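K.L.:
Here's my sequence, what's the structure:
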Amino acid sequence: MTMLTDVTRESPKTNTSKVQGIGDWLGSLAPSVASTLPLVVALCNDMEQMSAAQDAEHTAHKAKMAAQDAKHAALEKKGAAQAEEMHWMATILSEVQQQMKSMEAEWKTNKSKLD
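P.N.:
Down below sits the predicted model:
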């Protein structure tokens, strides 16, 4: 492997030896780079698969959250309907109680007239 200090040699008139030195140095790296290329490709493929898996997991989570939101909305709607029904039932009960008091008062008045 050519050392970096070797790369910096220059001829007095041109940079030819410098360019040649860099070329030699890069050429000496080629076998190392070539031997790691399959590893880099495998790593990129693994990262791509992990990213796809994370995307699928995220999509599934979003769908689950949307289903929960729909369920909560339905429960809120049901609760509102039940509250409305209870309000009307309380109103009717109040009216019935008023009518019963009125009928009781009328009954007492009629009973006292008969006695």
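
K.L.:
C-alpha from now on. contacts and neighbour counts both.
P.N.:
Will do.

K.L.:
low-scoring stretches of this protein, by residue?
P.N.:
By pLDDT under 70, the low-scoring segments of the chain are 1-20.

K.L.:
From residue 108, how far out is the residue of it positioned farthest from its centre?
P.N.:
Farthest-out residue of the chain from its mean C-alpha position, per Cα atoms, centre = their mean: residue 115, at 79.9 Å. From residue 115 across to residue 108, the span is 11 Å (Cα to Cα, to the nearest Å).

K.L.:
can you check residue 54 too?
P.N.:
With Cα to Cα as the criterion, residue 54 and residue 108 are 79 Å apart.

K.L.:
now the helix or strand hosting residue 75: how far from the chain's centre is it?
P.N.:
Applying DSSP states H and E as the criterion places residue 75 in helix 16-114. Chain-centre distance of helix 16-114: 8 Å, with Cα atoms, centre = their mean, to the nearest Å.

K.L.:
likewise stretch 100-115?
P.N.:
When distances are taken as Cα atoms, centre = their mean, stretch 100-115 is centred 69 Å away from the chain's centroid.

K.L.:
Can I get that stretch in PDB? Just the C-alpha atoms.
P.N.:
Below are the C-alpha coordinates for stretch 100-115, written out as PDB (Å, rounded to 0.1, in the frame of the first residue of the first chain):
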ATOM      1  CA  MET A 100     -99.600  12.400  42.200                       C
ATOM      2  CA  LYS A 101     -99.300  15.300  44.700                       C
ATOM      3  CA  SER A 102    -102.100  17.100  43.000                       C
ATOM      4  CA  MET A 103    -104.300  14.000  42.900                       C
ATOM      5  CA  GLU A 104    -103.500  13.300  46.600                       C
ATOM      6  CA  ALA A 105    -104.500  16.800  47.500                       C
ATOM      7  CA  GLU A 106    -107.700  16.500  45.500                       C
ATOM      8  CA  TRP A 107    -108.400  13.100  47.100                       C
ATOM      9  CA  LYS A 108    -108.000  14.600  50.600                       C
ATOM     10  CA  THR A 109    -110.300  17.500  49.700                       C
ATOM     11  CA  ASN A 110    -112.900  15.100  48.400                       C
ATOM     12  CA  LYS A 111    -112.600  12.800  51.400                       C
ATOM     13  CA  SER A 112    -113.000  15.700  53.800                       C
ATOM     14  CA  LYS A 113    -116.200  16.700  52.000                       C
ATOM     15  CA  LEU A 114    -117.600  13.200  52.300                       C
ATOM     16  CA  ASP A 115    -116.800  12.900  56.100                       C
END
